[in-house]
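Trainee: with the input below, show me the fold.
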Amino acid sequence: MMEMNHLQYIIEELIPNPSPPLLSIPVINLSLLSSSSKEGIEELQKLKEALTSWGCFQAIGHGISDSFLDKIREVAKQFFALPAGDKKKYSRAVNDMEGYGNDPVLSDKQVYDWCDRLFLKLIPQDSRKLHLWPTNPTQFREILDECSVKMKNTVELLLKAMARSLNLEEDSFLKQYEYQEVMAARFNYYPTCPRPDSVLGVKAHSDGSAITFLLQDKEVEGLQMFKDDQWHRVPIIPHAFVVNAGDQMQIMSNGIFKSPLHRVSTSSEKDRISLAIFHLPNSEVEIEPLKALVDEKRPQQYRKLKNYSAINFQCFQSGKVALDTVKINTFSI
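Mentor: Residues are numbered from 1 along each chain as shown. Predicted structure coming up:
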């Protein structure tokens, strides 16, 4: 079960429509995006439409085998099933995001999510805090290291395709990174909840990343996206990734690509496990809207900044909209 320990979860009110209608989001075959064939050009256009409208899509053809994705799910399941004392060996330090546990406490009014998580840096490799990488299950470290290699290639393929979809040089977004990238993994465990109408697994938010890849639970739904003024349940495609643009991509694309609002519901019947992979520029790298995407019709919408993920996290915990704080002619937090 989830370790609530010192955390006092506050149930404030019923969640309007905790189980909204199921609506399929676009499905993109990543293996076609590098092709100059008719199918490849059509898939690139579908990618652009998905990210400018929904801000997200289901990624198939990503080149990572079904069996490997199942291994990731299995070691995650095994880790969260360990006795509390074994998991606490990997507990995060106070005011540090990395490690096992809940979010840092920033306010006595903070509303907590109904989940446990294990958050680990993957790239750059010399930033890894290996003492927080579980040795039980025994394959955990090996599988996560292999995952980081596979995901790095997949993310860079996608970033290049996203640039081409806007008629930019394919390295345009990677150059904004100054090729100083960060990748982190967050394993999420959502235990059964006695009040799914009152408690969210993760409260509504947008991601502070540039790109997020989410491997959903193979059987239990939970992810919901907000579009057209209503919430939608996201269906499960067992070996697809749900990919969404993060706030930093919305900034770099000058608002063309959308960073979607999303949340995670809880269930009174089944536990749920997922893995989110976040890809973003190094915190010391300054990002801003690409010059090629700024003109008289679409003036620059966001200021130049760095360490946006910290801004996003603070806003997430305090209920503010992070992107609003970095718009031109608005004050930062």
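
Trainee: buried residues of the helix or strand of the chain with the lowest mean pLDDT, list them for me.
Mentor: One helix or strand of the chain scores below all others by mean pLDDT, DSSP states H and E: helix 308-318, with a mean of 78. For helix 308-318, the neighbour count (16 or more other Cβ atoms under 10 Å) marks 308-309, 311-317 as buried. (Glycine included, C-beta is placed from N, CA and C.)

Trainee: just checking, what packs against it?
Mentor: helix 247-252, helix 322-325 (3 or more Cβ pairs under 8 Å, 6 or more residues apart in numbering; DSSP states H and E).

Trainee: buried stuff in the longest one?
Mentor: Judged by neighbour count (16+ other Cβ under 10 Å), helix 247-252 contains these buried residues: 247-252.

Trainee: any weak-confidence spans in the stretch 201-333 of the chain?
Mentor: Along the stretch 201-333 of the chain, the parts satisfying pLDDT under 70 run over 317-319, 330-333.

Trainee: show me where pLDDT drops low in the stretch 51-200 of the chain?
Mentor: Per-residue confidence for the stretch 51-200 of the chain (pLDDT under 70) gives these ranges: 103-112.

Trainee: centre of the chain versus the least confident helix or strand of the chain, how much separation?
Mentor: Its chain's average C-alpha position is 14 Å from that of helix 308-318, according to Cα atoms, centre = their mean, to the nearest Å.

Trainee: coming back round to it: let me have the helices and strands packed on helix 308-318 in JSON lines, extended by distance to residue 173.
Mentor: Shown next, in JSON lines, are the helices and strands packed on helix 308-318 (distance: least, Cβ to Cβ, whole Å):
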{"stretch": "helix 247-252", "distance to residue 173": "6"}
{"stretch": "helix 322-325", "distance to residue 173": "18"}
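
Trainee: what score does residue 38 have for pLDDT?
Mentor: On pLDDT, residue 38 comes in at 96.

Trainee: how many neighbouring residues does it have?
Mentor: By the measure other Cβ atoms under 10 Å, the count of residues near residue 38 is 8.

Trainee: and for the one 10 residues further on?
Mentor: A total of 17 residues lie near residue 48 under the criterion other Cβ under 10 Å.

Trainee: before we move on, what about residue 216?
Mentor: The burial count for residue 216: 25, using other Cβ under 10 Å.

Trainee: could you pull out the helices for the stretch 101-250 of the chain?
Mentor: Shown for the stretch 101-250 of the chain, the helices assigned by DSSP state H, counting those that start in this stretch span residues 140-165, 172-176, 247-252.

Trainee: packing partners for the second one?
Mentor: In this structure, helix 172-176 makes packing contacts with helix 140-165, helix 247-252, judged by 3+ Cβ pairs under 8 Å, 6+ apart.

Trainee: that older thread, turn the buried residues of helix 247-252 into JSON lines, including distance to residue 178.
Mentor: Converted to JSON lines, the buried residues of helix 247-252 look like this (distance: Cβ to Cβ, whole Å):
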{"residue": "247", "distance to residue 178": "19"}
{"residue": "248", "distance to residue 178": "13"}
{"residue": "249", "distance to residue 178": "16"}
{"residue": "250", "distance to residue 178": "19"}
{"residue": "251", "distance to residue 178": "15"}
{"residue": "252", "distance to residue 178": "12"}
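
Trainee: what is the nearest of these to residue 322?
Mentor: Closest approach between these and residue 322, by Cβ to Cβ: residue 247, at 5.9 Å.

Trainee: what's the closest non-adjacent residue to that closest one?
Mentor: Of all residues not flanking residue 247 in the chain, residue 259 sits nearest, at 4.6 Å (Cβ to Cβ, 6 or more residues apart in numbering).

Trainee: relative to residue 268, how far out is that neighbour?
Mentor: Distance, residue 259 to residue 268, using Cβ to Cβ, to the nearest Å: 31 Å.

Trainee: more neighbours: which of those two?
Mentor: Taking other Cβ under 10 Å, residue 259 and residue 268 do not tie; residue 259 has more neighbours (28 against 10).

Trainee: contacting residues around the more buried one?
Mentor: 55, 206-207, 244-247, 249-250, 323 (Cβ atoms under 8 Å, 6 or more residues apart in numbering).

Trainee: likewise residue 92?
Mentor: Counting by Cβ under 8 Å, 6+ apart, residue 92 touches 98-101, 104, 119, 132.

Trainee: how near is residue 28 to residue 243?
Mentor: 8 Å.

Trainee: which residues do those two both contact?
Mentor: With contacts taken as Cβ under 8 Å, 6+ apart, residue 28 and residue 243 have 57-59 as neighbours in common.

Trainee: let me know the closest of those residues to residue 302.
Mentor: Nearest to residue 302 among the shared contacts of residue 28 and residue 243 is residue 57, at 23.1 Å by Cβ to Cβ.

Trainee: can you tell me the element the closest one falls in?
Mentor: strand 56-60 (DSSP states H and E).

Trainee: name the helices or strands packed onto that strand?
Mentor: Looks like strand 56-60 contacts strand 27-29, helix 38-53, strand 241-245 (3+ Cβ pairs under 8 Å, 6+ apart).

Trainee: list the buried residues of the first one.
Mentor: Taking 16+ other Cβ under 10 Å as the neighbour-count basis, strand 27-29 is seen to contain the buried residues 28-29.
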